[in-house]
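Participant: Next come a sequence and a model predicted from it.
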Amino acid sequence: MGAEDIVVVDTLSLADFHRTLQARLDEAYAVLARIDPAVGASGAGPALGGFEDAKDTGARHQQLRDEYLARLRRLIAALTAAHAATSAIINQYRSVEELNTANLSEILRLVGEGLDHGRVHG
């Protein structure tokens, strides 16, 4: 196994990144709640009047809003996937670290017992 096969995971940095992702998710959901009619926001565009130019501007505004909502939903999906992945990695490495610690404790206990059995008491 070469040096390029070694993987080091800094769980503290990963946990910090995980919290940052959660903050960005919270912000994205807050924006979604303000602009998405499906979440409760008003779907009405700006009141621009009944002139042809106002109607065109209102239609363009709605088109831009729809595009923005689609991008925002994609961002939320990507952040959610990254958040879930970092959570799984953190949990996996914590479990591995706990297992390694438990194994080390068991090894030290067995070594200690072995040393005790090998001593001459008297």
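Facilitator: The structure has been received and is ready for your questions. Numbering: from 1, shown residues only.

Participant: contacts and neighbour counts: CA atoms only from here.
Facilitator: OK.

Participant: all helices of the protein, in order?
Facilitator: All helices of the chain, identified by DSSP state H, fall at 11-35, 52-118.

Participant: Let me have those helices in JSON lines, adding mean pLDDT and distance to residue 42 as columns.
Facilitator: Listed next are the helices of the chain as JSON lines, based on pLDDT from 0 to 100; distance: least, C-alpha to C-alpha, whole Å:
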{"stretch": "helix 11-35", "mean pLDDT": "93", "distance to residue 42": "7"}
{"stretch": "helix 52-118", "mean pLDDT": "82", "distance to residue 42": "12"}
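
Participant: Export these as TSV, with columns for mean neighbour count and distance to residue 44.
Facilitator: Below are those laid out as TSV (neighbours: other C-alpha atoms under 10 Å; distance: least, C-alpha to C-alpha, whole Å):
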stretch	mean neighbour count	distance to residue 44
helix 11-35	15	10
helix 52-118	13	9
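
Participant: how much space is there between residue 59 and residue 68?
Facilitator: Applying C-alpha to C-alpha, to the nearest Å, the value for residue 59 to residue 68 is 14 Å.

Participant: That's all I had, so thanks and see you.
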